[in-house]
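K.L.:
Attaching a predicted model along with its sequence, questions to come.
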Amino acid sequence: MTCRSSPSCLPSFHRSQPLASIFALLAVATILPSRSLAFQLTRGSRRILASSLPSSHSSTAFQRTPGNSHCHLSSALKMTATSPSASCAAAASTLVSSNPLLQSWSSQPFNLPPFADITPAHFKPAFDVAMENHLADLQKIVDDESEPTFDNVVAPYDRAGPQLGKVGSVFGNLCSSKNTDELQKVQSEMSPILSKHNSAAMFLPGLFGKINAVYEKRHDSGLNSEQIRLVERIHLDFTRSGAAFDEATQKEYAELKAELAGLTTQFQQNVMKDEETYEMVLKKEDMSGCPDGLVEAARQAAIDRNKADGEYVITLSRSLVEPFLTFSDRRDLREQAWRAWTRRGELDDDRDNLSIATKILKLRKKQAEYHGCKTFAEYQCLDRMAKTPENVMQLLENVWERAKKAADREREALEEFVKESGETLDGGIKTWDWRFYATKVKAAKYDMDETLLKPYLSLDAVTKAFFAVSGNLFGLTYEKRDDVELYHEDVNLYEVKNKDGKLVSLFIHDNFARPFKASVAWMSEYRSQTRNLPVDADEIEQIPIVSNNNNFAKGSPTLLSFDDATTLFHEGGHGHHGMLSDATYSRLSSTSVLTDFVELPSQLMEHWFEEPEVLKKFCRHYETGEEIPEELLAKLKAAKDFNQGFETIEYTSVLYSTWQCTHLIIMMILISPSLSTRSWIGLVCLRASSCVTAPVTSSTCSVLLLMPLGTMCICGPRFSMPMPLLPSRRVGMS
């Protein structure tokens, strides 16, 4: 996640934050989140359990399903590690031998997933086996009759269920990177099932009692600081998931979280479906004002969608719609694109995210009440630096008032420019006009045309710059492996080695926008660093597999905007957080840090791209090899802070408005359930509408209403501010 503004008037969010459940992994796949699914992908089943995301229990969750060859435990909460029957064992053996997700990956380079062999149909049966094996691992901890200690409770808990971790990480990543219609069906089916498994593990009789026993004597057991930290975080994971509730309350709480899991998945998929299917088909003359790179990308999008010669397509991919809003001189088309962009999730009558948001809001309030909190914001703040919603509000108030003044000054400058140019805008400057005229004012004020930068910012050049900075700072080298097959032909794999030539990580670079891919940027992991492995594990399993994901419009060559290039470095900062992790235990490795800290590495790395030494050495003209001119760098620096009022208002207005109105909205829902969703959603828009830049669509507000507000305070480039769990350009969910 990032603090940088999101072009859809929504706050940015990083996906590599420590969200433990597989469900969290799925959030980035669309507009929810990844807050966390500020989402780092699961590092293993033990991380899944650490999640506070939707989970639930049902006594029939693991019963045998007709047609399945796998025998489930009859009751998740009362399971015992009994041996399966001979017939069940034979069926399980057949399933394992035929399912690539359950087979050994030792024949794959670096034990990578066998992407070429995996189909969506493999996931459900693989999860069935992996979940049962995970519960069996946990039952062994419970059945140990010796006194609970770190070594026989917490350490084995941290490494339990490696098979579930492997299956879950592939599933979560593909649900963001290649979420086909077939996989979406599996995702919808599995979300509540995985939630039920989460609860089954958390509520396994006897498990929390042992963890609590270790927790109570953690300072008197000779544990080192890392071990004490692990005990405390796992104990908190359990308590925040309801492990201390009585049995009846646990069942209610589990059902509530299972329902949340299903609703959130449906919300995500509705947004993703709109992003996948929407297209604004244009003729060449409709692309008036657009730079050549955008015209080429729109033509390529048309080719990819089998459009006729001479047709161009603008999709809801950020890499197409944002530059179109910036450069198109067709005001009517800018409005059309903006309205579609901000209504993702409700472009089709069959996809009604407003009603889903209503249900989620009610359930999250009820969830908070189980923990003795008045609001979900209060519940989320308990484990954050802000601590209370009041502290969050104080910070927002501080930012909001000053940002409004700056944005008003900028609006006046835009209006003055329009007046001087002799134009007449019906209704004045609208949201879909802002980027277009801001670019005009910036060019006039600073003689700065950002399109002149792009020839110096080819994807190849910026990638080389990133690798060079990584080498200078951390002594890392990157060796490309073209011989390894991944999940898409455009995705690259690198071996990452330290100065001694030792392999420290694998790095997957997935840079281009395409159908079925989440239209955000994020960092995730297929395997997280840990030294706490099962005895028989391959040592390669200690080496992380880190993925950086962007959404650049593919070209020949691919030329980036300055913001795109900064995004590549930003996600690379999250990538380094995973690649350079050096922790003993999975629960504490990589980006499994407090969300208040998770953005620091990314913010530091992105600022390295702005260093003149980096720009001059690596950002050379893709045709001539010419060094970027000093004059252009000087203009870039002078214009750096231009339009910051708008960018700050973009994310602050939504947060500020939602915080002010949430209690009133909840009250109205509870008191007057017959009131239409659009009526009470409109309340959130009232405060935001005081600024022309604020999003006032019901879709945008519905997104915010299902976010767990106040979940983090992150260190941004200009100030710290709380962010909801919402993915944007940099998630890692940025």
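P.N.:
Arrived safely.

K.L.:
C-alpha from now on. contacts and neighbour counts both.
P.N.:
Noted.

K.L.:
What are the buried residues along stretch 292-306?
P.N.:
Buried residues in stretch 292-306, counted by 16 or more other CA atoms under 10 Å: Gly293, Leu294, Val295, Glu296, Ala297, Ala298, Arg299, Gln300, Ala301, Ala302, Ile303.

K.L.:
which SS class is the second one?
P.N.:
On the three-state scheme (DSSP: H, G, I helix; E, B strand; the rest coil), Leu294 is labelled helix.

K.L.:
List the buried residues for stretch 285-292?
P.N.:
Of all the residues in stretch 285-292, those buried under the rule 16+ other CA under 10 Å are Met287, Cys290.

K.L.:
returning to that earlier point: name the nearest of the buried residues of stretch 292-306 relative to Asp408.
P.N.:
Leu294 (30.0 Å; CA to CA).

K.L.:
Can you list the low-confidence ranges for the protein?
P.N.:
Applying pLDDT under 70 to the chain picks out residues 1-95, 653-734.

K.L.:
Let me see the ranges of the strands in it.
P.N.:
Here the chain has its strands, by DSSP state E, at 34-37, 280-283, 311-314, 477-480, 492-497, 503-512, 522-527, 545-552, 712-715, 720-723.

K.L.:
nearest to Asp158, of those?
P.N.:
Smallest distance to Asp158 across the strands of the chain (CA to CA): 14.5 Å, for strand 522-527.

K.L.:
which of the residues in the closest one are buried?
P.N.:
Residues of strand 522-527 classed as buried by neighbour count (16+ other CA under 10 Å): Trp522, Met523, Ser524, Glu525, Tyr526, Arg527.

K.L.:
The second one contacts Ser547, correct?
P.N.:
Yes: taking CA atoms under 8 Å as the definition, Met523 is a contact partner of Ser547 at 5.7 Å.

K.L.:
between these two, what contacts are shared?
P.N.:
Gly575 (CA atoms under 8 Å, 6 or more residues apart in numbering).

K.L.:
Could you dump the buried residues of stretch 292-306 into JSON lines and include distance to His197?
P.N.:
Below are these laid out as JSON lines (distance: CA to CA, whole Å):
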{"residue": "Gly293", "distance to His197": "48"}
{"residue": "Leu294", "distance to His197": "46"}
{"residue": "Val295", "distance to His197": "48"}
{"residue": "Glu296", "distance to His197": "47"}
{"residue": "Ala297", "distance to His197": "44"}
{"residue": "Ala298", "distance to His197": "44"}
{"residue": "Arg299", "distance to His197": "46"}
{"residue": "Gln300", "distance to His197": "43"}
{"residue": "Ala301", "distance to His197": "41"}
{"residue": "Ala302", "distance to His197": "43"}
{"residue": "Ile303", "distance to His197": "43"}
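
K.L.:
on that earlier part again, of the strands of the chain, flag the one that's most buried.
P.N.:
Stretch with highest mean neighbour count among the strands of the chain: strand 34-37 (a mean of 36; mean count of other CA atoms under 10 Å).

K.L.:
just to revisit the earlier point, and of the strands of the chain, who's closest to Phe327?
P.N.:
When those are compared by CA to CA, strand 311-314 sits nearest Phe327, at 12.9 Å.

K.L.:
on contacts alone, who are the packing partners of the closest one?
P.N.:
Counting contacts by 3 or more CA pairs under 8 Å, 6 or more residues apart in numbering; DSSP states H and E, strand 311-314 is packed against strand 280-283, helix 292-304, helix 318-327.

K.L.:
how many other residues sit next to Lys637?
P.N.:
14 (other CA atoms under 10 Å).

K.L.:
Next up, the contacts around Ala213.
P.N.:
By CA under 8 Å, 6+ apart, the contact set of Ala213 is Pro148.

K.L.:
Let's see that with 10 Å instead.
P.N.:
Taking CA atoms under 10 Å, 6 or more residues apart in numbering, we find Ala213 in contact with Glu147, Pro148, Thr149, Phe150, Val153.

K.L.:
got it, and Leu533?
P.N.:
So, once contact is read as CA under 10 Å, 6+ apart, Leu533 ends up touching Ala155, Pro156, Asp158, Arg159, Ala160, Pro162, Glu539, Glu541, Gln542, Thr584, Tyr585, Ser586.

K.L.:
so the fifth one touches Asp137, yeah?
P.N.:
Translated: Ala160. Yes: using CA atoms under 10 Å, Ala160 is in contact with Asp137, at 5.8 Å.

K.L.:
Of the contacts of Ala213, keep whichever come out buried.
P.N.:
Using 16+ other CA under 10 Å, the buried members of those are Pro148, Thr149, Phe150, Val153.

K.L.:
Which of the residues you listed lies at the shortest distance from Leu361?
P.N.:
Closest approach to Leu361 among the buried ones among the contacts of Ala213 (CA to CA): Val153, at 36.5 Å.

K.L.:
Was I right to think the closest one contacts Leu138?
P.N.:
Yes: if you go by CA under 10 Å, Val153 and Leu138 touch, sitting 9.1 Å apart.

K.L.:
Give me the common contacts of these two.
P.N.:
Joint contacts of Val153 and Leu138 (CA under 10 Å, 6+ apart) are Leu207.

K.L.:
For the stretch 251-400 of the chain, which segments are assigned as helices?
P.N.:
Listed in chain order, the helices of the stretch 251-400 of the chain (DSSP state H, counting those that start in this stretch) span residues 292-304, 318-327, 331-342, 353-370, 376-381, 389-420.

K.L.:
Not including adjacent chain positions, what is the nearest residue to Ala201?
P.N.:
Counting by CA to CA, 6 or more residues apart in numbering, Ala201 lies nearest to Leu135, which is 6.4 Å off, once chain neighbours are set aside.

K.L.:
shouldn't that neighbour be in contact with Gly161?
P.N.:
Yes: proximity of Leu135 to Gly161 meets the contact threshold set by CA under 10 Å, at 7.7 Å.

K.L.:
Widest-spaced pair of the buried ones among the contacts of Ala213?
P.N.:
Pro148 and Phe150 (7.0 Å).

K.L.:
okay, and the common contacts of these two?
P.N.:
Counting by CA under 10 Å, 6+ apart, the contacts common to Pro148 and Phe150 are Lys210, Ile211, Ala213, Val214, Tyr215.

K.L.:
Identify the residues contacting the closest residue in space to the fourth one that isn't next to it in sequence.
P.N.:
Using CA to CA, 6+ apart and skipping residues adjacent in sequence, the residue nearest Val214 is Thr149, 5.7 Å away. When contacts are counted by CA under 10 Å, 6+ apart, Thr149 is found next to Ala155, Lys210, Ile211, Ala213, Val214, Tyr215, Lys217, Arg218, Ser221.
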